[in-house]
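**Q** Quick one, fold the following:
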Amino acid sequence: MDAALDDARAALAQGRLVAADEAAQRVLAIRPDHDEATSITVSATARREAAGESCAAGHAALEAGDIDEALRSFEAALEQDPELTDARDGADAAREHLREARAQLAAAVSAARATEAPREALAAWQAVAALDPKHARAISEMAVLSDRIAGAERSLAEGRALLDAGDPNGALTPLAAAENVLGSDDVGESLTAARDASSEIRAALAAIKTDVEHAT
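**A** Numbering: from 1, shown residues only. Prediction:
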């Protein structure tokens with residue numbers, strides 16, 4: 001009996017819960033009222049149940065895409081029951097997911113840093129934020145780029161309004177500012193119209209000046 005009790009103590013200390021319970025049960029088979037053997041059995045059972053609950057929580061978190069929480073749950077399960085294969089496999093799967101996520105995030109950040117056009121850059125940093133909503137650089141860049149784009153869109157609206165009102169010269173500055181941010185696809189037609197109209201006005205003024213000079 002003493003050897004079985006020693007086995008139960010050692011197994012429990014080492015986290016071998018099944019072995020601990022089996023050894024304690026051998027003691028209880030001889031002494032059903034043995035307090036320490038009963039305590040070892042209760043402790044081993046409680047730890048296995050707690051490990052099972054943590055493991056189930058880990059699988060649920062993994063299914064939900066919360067990889068960090070999944071890994072914490074699987075590691076908690078292994079602290080309770082180091083021999084729980086399901087928790088070990090789950091932890092390995094969570095770590096692999098984390099490695100893949102980090103690689104994907106690094107690639108997205110690299111792509112965002114290499115993108116110069118504001119709208120494309122905003123979309124690239126939004127892709128980073130989708131992978132990591134707390135990414136400080138992505139949050140900062142999105143705020144700056146959103147402000148630049150909003151300002152450019154206001155300049156575009158102002159320039160088009162001036163052009164429609166017959167003031168192509170006044171439209172040139174805001175349209176050029178808008179093109180620097182938004183690109184020629186959005187602004188080019190209006191800016192070309194403003195430049196053409198401005199050139200026509202200058203040519204007309206020059207002709208009037210020549211006529212006046214000749215008349216005098």
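
**Q** what about the residue most central in space within the chain, distance to residue 13?
**A** Here the mean C-alpha position of the chain is nearest to the C-alpha of residue 132 (Cα atoms, centre = their mean), at a distance of 1.6 Å. With the distance defined as Cβ to Cβ, to the nearest Å, residue 132 ends up 41 Å from residue 13. Any C-beta I mention is one placed from the backbone N, CA and C, and that applies to glycine too.

**Q** And residue 152, by the same measure?
**A** For residue 152, the distance to residue 13 - Cβ to Cβ - is 68 Å.

**Q** who has more neighbours, these two?
**A** residue 152 (22 against 9; other Cβ atoms under 10 Å).

**Q** May I ask which helix or strand encompasses that one?
**A** According to DSSP states H and E, residue 152 maps onto helix 136-164.

**Q** What are the buried residues along that helix?
**A** 138, 141-142, 145, 148-149, 152, 155-156, 158-160, 162-163 (16 or more other Cβ atoms under 10 Å).

**Q** now do stretch 113-129
**A** Those would be 118-119, 121-122, 124-129, for stretch 113-129 by 16+ other Cβ under 10 Å.

**Q** Identify those among these that sit within helices.
**A** 118-119, 121-122, 124-129 (DSSP state H).

**Q** I figured the residue nearest to the centre of the chain hits residue 138, correct?
**A** Yes - if you go by Cβ atoms under 8 Å, residue 132 and residue 138 touch, sitting 7.1 Å apart.

**Q** Can you check the pLDDT for the residue nearest to the centre of the chain?
**A** Residue 132 is assigned 92 on the pLDDT scale.

**Q** Let me see the contact set for it.
**A** 105, 138 (Cβ atoms under 8 Å, 6 or more residues apart in numbering).

**Q** by how many degrees do the helix or strand bottoming out on mean pLDDT in the chain and helix 136-164 diverge?
**A** Of the helices and strands making up the chain, the lowest-confidence element is helix 184-215, at a mean of 84, by mean pLDDT, DSSP states H and E. Angle of helix 184-215 versus helix 136-164, following axes from the mean of the first three to the mean of the last three Cα atoms, to 10 degrees, is 30 degrees.
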